[in-house]
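Chemist: Okay, predicted coordinates and the sequence, questions at the end:
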Amino acid sequence: MSITANIQDIQQELQPLGVTLVTISKTKPNEDILEAYEAGQRIFGENLVQELVDKYEALPKDIEWHLVGHLQTNKVKYIAPFIALIESVDSLKLLKEIDKHAKKNNRVIDCLLQIDISLEETKFGLDHVEVIELLESQEYTELHNIRIRGLMGIATNTDNQKEIKEDFYELKMLFDGIKTSYFRTESSFDTLSMGMSSDYTIAIEQGSNMVRLGSTIFGTRTIKHFKAK
């Protein structure tokens, strides 16, 4: 199957469900991304800031770039001028840094709060208590150049579908609770990003409206090393 065919098949599956496809293009060459682009895909996700910046500079400017990997505060300045959505906000400190650089660029940057639903030590994210503390903090209310669009989470890395389903169910319940408690009047709080190539169908069943697919589109990824900026 070609990248073009994969994009078309996935979009036919997702569009009737109202689910947004983020094509994860980390480690993929620009030629592959352009093939997906020519097939109509416009939203791409990257893990590493340096790789993201290089691709932004080389590829069409109507691509909507998402940062889906862990973001260090000292790297925010490199993506602040153009990033469409930062899906991996896991601390108030990072949110404040994004706000600072968004203001410098005269922008409001959309963000998702990353929730740690798997409780695996290798995963980043806020727990339920921390996300409430963030949203109720005085410092958060003083941020005017960020906009919280919703939540993101990564399920436990397991073949146990029941466990994966429970992870996604828990995140959907949290999303609904936060929407009701803190964003009741804000229609922009509308995004629940959960589900990757191995588990996106379960995620959609549990209420996801944004999925992050890499190998489903491009096939098995190869590892490339990029110098840190």
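Modeler: Done, it's in. Numbering: from 1, shown residues only.
Chemist: Ile10 contacts Leu21, correct?
Modeler: Yes - using Cβ atoms under 8 Å, Ile10 is in contact with Leu21, at 6.0 Å. From N, CA and C alone the C-beta is placed, and that goes for glycine too.
Chemist: quick one: the spatially most central residue of the chain from Glu46, how far?
Modeler: Geometric centre of the chain, nearest residue: Glu87, 3.3 Å, by Cα atoms, centre = their mean. Distance, Glu87 to Glu46, using Cβ to Cβ, to the nearest Å: 10 Å.
Chemist: Over to Glu186?
Modeler: From Glu186 over to Glu46 the distance is 27 Å, taken as Cβ to Cβ.
Chemist: can you check Asp99 too?
Modeler: Distance of Asp99 to Glu46, given as Cβ to Cβ: 21 Å.
Chemist: Please say which of Glu186 and Glu46 ends up with more neighbours.
Modeler: A count of neighbours by other Cβ atoms under 10 Å puts Glu46 above the other of Glu186 and Glu46, at 24 against 12.
Chemist: I'd say that one and Glu64 touch.
Modeler: No - contact criterion Cβ under 8 Å: Glu46 and Glu64 do not qualify, at 11.7 Å.
Chemist: Contact partners for the residue lying closest to Leu34 once chain neighbours are set aside?
Modeler: Using Cβ to Cβ, 6 or more residues apart in numbering and skipping the chain neighbours, the partner closest in space to Leu34 is Leu59 (7.0 Å). Going by Cβ atoms under 8 Å, 6 or more residues apart in numbering, Leu59 touches 30, 33-34, 37.
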